[in-house]
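In: just the structure for this:
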Amino acid sequence: MSSAALRPGFPAPSPVLVALVAAVQAWVLWPLFTPDMTAYLIPWLETIREAGVADAFARPFSNYMPSYLYLLALVSPLAGWLDAMSVIKLLSVAGTVALALAMHRLLGALGVAQRAHWAALVVALPSVAFNALLMGQCDALYAAACLMAVAMAVERRHLAMFVWCGVAVAFKAQALLVAPFFLAVAIQRRIPLVQWLAAPGALLVLLTPALLAGWPPADLATIYWRQAGTFSNDIARNAPNLWSLVAMIAPDLAPRLFALALVTALGATAWFVAQMQTVRFDRAGLVGMAGLAVLLSAGLLPRMHERYFLLADLLILALAIARGTRSGFALAALVQLGSFAAITGYLGLGAPMVALGALCMIVATWIAAQPLVAPAANDNPPSGRRYPRALLQPADRYGRETRLGFRGFGE
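Out: So this is what the prediction gives:
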């Protein structure tokens, strides 16, 4: 890859315009809230304030991992001056800033010019804004760690990649949706198994303060298992995926398709990991494959929610920025529309919007999967001809990925 910075085919967004859009979103969404705010987030903040940090963490009081609760405890003194909802949303906004910084780091790994302007676009994305400013969720935190892990994969800094994977899982189980990508990279590059241990090691480090405070280890170990049992009668919860469409068409049948959905997702994951061993990608192509891993996992697993495609929004956007093509940005817009439609369906616009989101995501997944479904001709020489081995020898560290790489949409 050339050392010159990549310049996307579209001008970078104006920081002033991005700030204006973000300000309007904040003005509209800040006074609003969802049931999760009053049922979960505010009571957790009040528990920390009333019991004190040490006593609060001595026993389970949340169905979230402690990593988020540490940060909630950190901002809890602000509740003396602000209402509880504002404190929670301020923490979510801080997470959004971290997400923008992580996008900046990923675009840097991709060699994108004006990456600060492009990274700032993250704060104005509808799916990001609704997540933080309306729902007060912490999804930006796990997504930021995942973007950092992908950046480390691009740069072949594998130990750091696994550390960031562990940090991501310490915030949300949704980080596992991109796990097939890291598994494929680890197998393809023959990363020593000892480096894989950095992921559970980072997770354990972040759990240690709660363990020392007295939080029962058995409870911490089963938090995500218990979360998976929530809404167990639904095959999808407003997720823009195949199973939401099935639930709309056959509502009585859909809950009985859990095993089929799980097997389908596992099969697609196995196909993805296997295909990743046969096709080589340049740096931007790797990011596209990370986005595809999320699209496949969230698109086929049962019991997904409307927010679970957030990481795909960001990774496909990074791919589009790096490629700089119209078709790349069209794909990013399609994914963003799918997420936004599903969120508005959850907020009250109902099944038609969820269905629209599902159709967008299914089409986007098919487009993003094309490099694996139909690899470039360079990966499968016609007529069975064998070219001299020298043609496939890397001229530099990334020569193989560049020569055999997926050139991207519209290129």
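In: Ala351: neighbour count?
Out: Under the neighbour criterion other CB atoms under 10 Å, Ala351 is assigned a count of 14. Any C-beta I mention is one placed from the backbone N, CA and C, and that applies to glycine too.
In: quick one: the residue nearest to it when sequence neighbours are not counted and Ile235, what's the gap?
Out: The spatial neighbour of Ala351 that comes closest, neighbours along the chain excluded (CB to CB, 6 or more residues apart in numbering), is Met248 at 5.5 Å. Look at Met248 and Ile235: by CB to CB, to the nearest Å, they are 11 Å apart.
In: looking at the two, which one has more neighbours?
Out: Taking other CB under 10 Å, Met248 and Ile235 do not tie; Ile235 has more neighbours (26 against 15).
In: might one say that the more buried one is in contact with Pro302?
Out: Yes - counting by CB atoms under 8 Å, Ile235 touches Pro302, with 4.9 Å between them.
In: mutual contacts of these two, please.
Out: Taking CB atoms under 8 Å, 6 or more residues apart in numbering as the contact rule, Ile235 and Pro302 both touch Trp243, Leu257, Phe258, Ala261.
In: quick one: which of the residues you listed sit in strands?
Out: If you go by DSSP state E, those have nothing in strands.
In: next step: these restricted to helices.
Out: Under the assignment DSSP state H, those contribute Trp243, Phe258, Ala261 to helices.
In: show me what contacts the last one?
Out: If I follow you right, that is Ala261. Ile235, Trp243, Leu300, Leu301, Pro302.
In: just the buried residues of these.
Out: Ile235, Trp243, Leu300, Leu301, Pro302 (16 or more other CB atoms under 10 Å).
In: biggest separation within those residues, which pair?
Out: Using CB to CB, the buried ones among the contacts of Ala261 reach their maximum pairwise distance at Ile235 and Leu300, which is 11.2 Å.
In: which residues are common contacts for those two?
Out: Trp243, Ala261.
In: count of neighbours near Ala332?
Out: For Ala332, using other CB under 10 Å, the count is 25.
In: before we move on, what about the one 3 residues further on?
Out: Neighbour count of Val335, defined by other CB under 10 Å: 31.
In: surely it meets Ile362?
Out: No - judged on CB under 8 Å, Val335 makes no contact with Ile362 at a distance of 11.1 Å.
In: can I assume the residue nearest to Ala351 is in contact with Met353?
Out: No - using CB under 8 Å, Met248 is not in contact with Met353; the gap is 11.6 Å.
In: next up, the contacts around Ser86.
Out: Trp30.
In: hey, where'd the strands end up in the stretch 301-411 of the chain?
Out: Along the stretch 301-411 of the chain, counting by DSSP state E, counting those that start in this stretch, strands occupy 304-305.
In: which residue ranges of it form helices?
Out: Secondary structure of the stretch 301-411 of the chain, counting by DSSP state H, counting those that start in this stretch: helices at 310-323, 326-344, 351-368, 370-373, 399-404.
In: now those as JSON lines including distance to Ala175 and mean pLDDT?
Out: Below are these laid out as JSON lines (distance: least, CB to CB, whole Å; pLDDT from 0 to 100):
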{"stretch": "helix 310-323", "distance to Ala175": "8", "mean pLDDT": "96"}
{"stretch": "helix 326-344", "distance to Ala175": "17", "mean pLDDT": "95"}
{"stretch": "helix 351-368", "distance to Ala175": "19", "mean pLDDT": "96"}
{"stretch": "helix 370-373", "distance to Ala175": "22", "mean pLDDT": "91"}
{"stretch": "helix 399-404", "distance to Ala175": "25", "mean pLDDT": "35"}
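In: out of those helices, which is closest to Ala268?
Out: Using CB to CB, these put helix 351-368 closest to Ala268, at 9.5 Å.
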